[in-house]
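>>> With the sequence up front, the predicted model follows.
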Amino acid sequence: MCGFVGLRDLKLGDRQLISGVGGAIAVLRHRGPDNVSTVLDDKNRIALGHTRLSIIDVTSAANQPMVSRNGLYTIAFNGEIYNYRDLYERFCPKDGSVNGKSDTAILLYLYGRFKERCLELLDGMFSFAVIDTKGKKIFLARDRFGEKPLYWFAANGRFAFASEIKGLRKVLYNVDSYIEDDIDSDAVALYHVIGSIPSPYTIYRSIRSLKAGCCLNYEFSGALTIKRYWSPVTIAVPDSANQIKDNEAQELTLEKLQRAVKSRMVSDVPVGIFLSGGYDSNSILGLCSVNGLLPSKSLCIDFEEDAYSEYKVARASGEHYGIEVDRHVINEAGFLAGLDEYFVSMDQPTIDGYNTFFMARVAHGFNIKVWLTGTGGDESFGGYPSFERLKKLSMLARVLQMAHLEKLIGPASDYLQENLRLSRLLHLAQLGDPSMRAYQCCRNSIPLYNMLKMIAHDRRRDLAFFAATLDAIYPAVPSGMDDFQKSSIYEASVYMGSQLLRDIDNFSMAHSLELRAPFLDHDLYQFVLSLPESIKWKDGRFKPLLADCMKQYLPAFIKSQSKRGFTFPVEKWLLKGMKGSFEEIVFDSKNKDLWEMSVISRMWQAFKEGRVHWSVIWNIYAMGRWYHEHK
């Protein structure tokens, strides 16, 4: 796990290129404190910098940027290729023409041999850049789910890219001494609606995010093309006349999950696990135990509030599997004290991520670089309310749209400003794909028309414009897919892809940690997605497919647990210790560029009176704090 920065500019001298990239890579040193290097391709006017977190082949032989033996390709790579050993045996010559046996060296060789087709071979989480002097281009790629971020800028003959926005802005500042704070008002609108800024948008108008499952070619001539190489919507719709049997589905799911867990334990440094009382992390721990791969450490974040505590179950699980569980309590005082550091490290506004930030900050103290996490289990096996609600809400959306109730949105918007529950339901009436509207009703942080009243924006951008802008970030799901599949794809592509995974990378790497998610094995995800809904959704049972395939590995007290999200008692803390901070930050006069303050004031008052949910207030506060720290 690492970070990198690259810059191509024909107008700059060697010193400007090297110093520009060198200064920017220093900003990303938290991503990889073990080694920092910079290389210059003086012929093509490209500088490439890398900061390394050494995990696979911790020797200097695997340092980056890495130049191929033939000198034609130079790579900067962030992530892990879990099947690198198999790829080495299958494709790499043993004559010394490969730069060693690290995953970086093997990836570099595979790119030289297969070019972009190498992406089809990779099992892992990654973003990487290759200076391809033979093909006269710079090649960028990002993993299938978007576990590793990649940002880019192209204008006026300059092309730059980086693992974090702050690194990209730093390299641009280093060579220009001035960067316009070009906040993208459309991105601000999207943030308030979904709680994060989805790719390809970023908070800055001039910087783009490469989408998950995509690659980019920037030719030395200046031409730029982006191509999608993977999407979950290509999965075949199940043939109802030839459905797989339950026991066969369970056996194959378990087989793929076991392989995913084993592959994510491959490391030349110790591996820990974040443990809760739920199915996902305990399934991973159970399979580690069965295969003799127990992690070196397990960590459970706990709270003084009993309603949020999972330590008793996690401790019992640790005793069952023979691993000690370290408990760390986060209280209101510790949370409030850590918010300054949290918002400083935040690369882009998000309503989530504080759970990863505080967990990673604790984990950093154990001197373990790699941690397993249960991320992705809910998206595959149906752990969110959207899986249950989508069918009924889709039917309601069809009825409301046929009745043309979208005409009520405008006249009712003043009343709806403080009745967000009704606003979300009325959102179903907005013309568009009923399944998509249903998912948005479940997931949207702030409904579209409430957002329109709240933000300061170009008034020519109306409800229809923002509805179309929002819809464009969702994958077009084939009509033949069932509601479970649609929910899975929406969750994986929008919530997980645009918010959860980006936050996990941002806040774990802020503490020089790598988080690995076995449930995000693409072979496992694709198989589970392809299964009929009847196998994955059974009335009265929680995640039945996962529960059935893990029945011999999970203790009874885990199997009896109901769904509990990993959440902090922020509502309680917001009402108490954060009240003064909210008013100081949000009602600052410079925020008039962001919001209509009279509307924000009404929403704050409605929250204090119990008429607006705390998550809406946190949405506003997080944007205000980010803007305060980074503007």
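On my side now, so go ahead. Residues are numbered from 1 along each chain as shown.
>>> how many neighbours does the residue nearest to G71 when sequence neighbours are not counted have?
Distance criterion C-beta to C-beta, 6 or more residues apart in numbering; nearest residue to G71, sequence neighbours excluded, is T133 at 7.8 Å. Using the backbone N, CA and C atoms, a C-beta is placed for each residue, glycine as well. T133 has 18 neighbours, counted by other C-beta atoms under 10 Å.
>>> Just give the nearest non-adjacent residue to L122, would you?
Closest to L122 by C-beta to C-beta, 6+ apart is I81, at 5.6 Å.
>>> Kindly report the same for N450.
Counting by C-beta to C-beta, 6+ apart, S423 is the residue found nearest to N450 once chain neighbours are left out, at 5.4 Å.
>>> That neighbour: what secondary structure?
Look at S423: counting by DSSP: H, G, I helix; E, B strand; the rest coil, its state is helix.
>>> Any idea how many residues pack against it?
23.
>>> I'd say it and N444 touch.
No. If you go by C-beta atoms under 8 Å, S423 and N444 don't touch, sitting 9.1 Å apart.
>>> which residues of the stretch 101-250 of the chain fall in strands?
Taking DSSP state E, counting those that start in this stretch to define them, one finds strands in the stretch 101-250 of the chain at 124-132, 137-142, 151-155, 158-162, 208-209, 214-219, 224-228.
>>> so what are the domain limits for the protein?
2-230, 236-382+482-559 (automatic domain parsing).
>>> Any idea how far apart the tips of the longest one sit?
Between the opening and closing residues of domain 2-230 there is a gap of 23 Å (C-alpha to C-alpha, to the nearest Å).
>>> Start the count at 29 instead of 1 going forward.
Shifting the count to begin at 29 puts that one at domain 30-258.
>>> now that domain, how far from the centre of its chain.
The chain centre lies 17 Å from the centre of domain 30-258; the measure is C-alpha atoms, centre = their mean, to the nearest Å.
>>> Now render the strands of the stretch 129-278 of the chain as CSV, adding distance to G525.
As requested, the strands of the stretch 129-278 of the chain are exported to CSV (distance: least, C-beta to C-beta, whole Å):
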stretch, distance to G525
strand 152-160, 12
strand 165-170, 10
strand 179-183, 15
strand 186-190, 19
strand 236-237, 11
strand 242-247, 11
strand 252-256, 13
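>>> Which one of the ones you listed lies nearest to L480?
strand 236-237 (24.1 Å; C-beta to C-beta).
>>> outside of the closest one, which residues touch it?
Here strand 236-237 makes contact (C-beta atoms under 8 Å, 6 or more residues apart in numbering) with P177, L178, Y179, W180, F181, S227, P228, Y229, T230.
>>> Can you tell me how far the residue nearest to G99 is from D70?
12 Å (C-beta to C-beta, to the nearest Å).
>>> Kindly report the same for V33.
Note on V33: its distance to D70, by C-beta to C-beta, is 18 Å.
>>> Of these two, give the one with the bigger neighbour count.
V33 (32 against 11).
>>> That one pairs with what?
Counting by DSSP bridges, V33 forms beta bridges with G77, A190.
>>> show me what contacts L100?
G140, D160, T161, K162.
>>> my read: the first one touches N98, true?
By that I understand G140. Yes. With contacts counted by C-beta under 8 Å, G140 reaches N98, the gap being 7.4 Å.
>>> just the strands in the stretch 479-628 of the chain please.
Along the stretch 479-628 of the chain, the segments classed as strands by DSSP E, counting those that start in this stretch run 542-544.
>>> Output the below-cut-off pLDDT ranges for the stretch 129-278 of the chain.
205-206, 208, 263-270 (pLDDT under 70).
>>> The same query, at a cut-off of 50, please.
Residue ranges of the stretch 129-278 of the chain with pLDDT under 50: 269.
>>> for the chain, same thing?
In the chain (pLDDT under 50), the answer is 269.
>>> relative to its centroid, which residue of it is most remote?
D123 (39.1 Å; C-alpha atoms, centre = their mean).
>>> give me the element that residue is part of.
Under the criterion DSSP states H and E, no helix or strand holds D123.
>>> Quick check: it vs E117, distance?
In this view, D123 and E117 are 14 Å apart by C-beta to C-beta.
>>> got it, and H220?
50 Å.
>>> more crowded one of those two?
A side-by-side neighbour count of H220 and E117, using other C-beta under 10 Å, places H220 first with 26 against 10.
>>> Helix, strand or coil: sort out G300 for me.
strand.
>>> check contacts around the residue nearest the centre of the chain.
Nearest to the mean C-alpha position of the chain, counting by C-alpha atoms, centre = their mean, stands L529 at 1.7 Å. Counting by C-beta under 8 Å, 6+ apart, L529 touches F173, G174, E175, T403.
>>> cool, L238 as well?
Contacts of L238 (C-beta under 8 Å, 6+ apart): S155, L168, A169, R170, L178, Y179, W180, S227, P228, L244, I254.
>>> repeat that for 10 Å
Contacts for L238 (C-beta atoms under 10 Å, 6 or more residues apart in numbering) come out as 155, 168-170, 174, 177-180, 189, 227-228, 244, 254.
>>> try I211
I231, Y232, R233, D621, L622, Y655, H658, K659.
>>> how about these in JSON lines, adding neighbour count and distance to S540?
Shown next, in JSON lines, are the contacts of I211 (neighbours: other C-beta atoms under 10 Å; distance: C-beta to C-beta, whole Å):
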{"residue": "I231", "neighbour count": "22", "distance to S540": "24"}
{"residue": "Y232", "neighbour count": "21", "distance to S540": "25"}
{"residue": "R233", "neighbour count": "15", "distance to S540": "31"}
{"residue": "D621", "neighbour count": "14", "distance to S540": "35"}
{"residue": "L622", "neighbour count": "23", "distance to S540": "32"}
{"residue": "Y655", "neighbour count": "23", "distance to S540": "27"}
{"residue": "H658", "neighbour count": "18", "distance to S540": "21"}
{"residue": "K659", "neighbour count": "11", "distance to S540": "27"}
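>>> Closest one to A431 out of these, please.
Nearest to A431 among the contacts of I211: L622, at 35.4 Å, using C-beta to C-beta.
>>> I'd assumed M482 was in contact with the residue nearest to N478.
No. Here S451 lies out of contact with M482, judged by C-beta atoms under 10 Å, at a distance of 11.6 Å.
>>> coming back round to it: which one of the contacts of I211 is nearest D274?
Among the contacts of I211, and counting by C-beta to C-beta, the member closest to D274 is I231, at 46.2 Å.
>>> hang on, the earlier thing: among the contacts of strand 236-237, the buried ones, what's the PyMOL command?
This is how PyMOL selects the buried members of the contacts of strand 236-237, with burial counted by 16 or more other C-beta atoms under 10 Å:
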select buried, resi 177+178+179+180+181+227+228+229+230
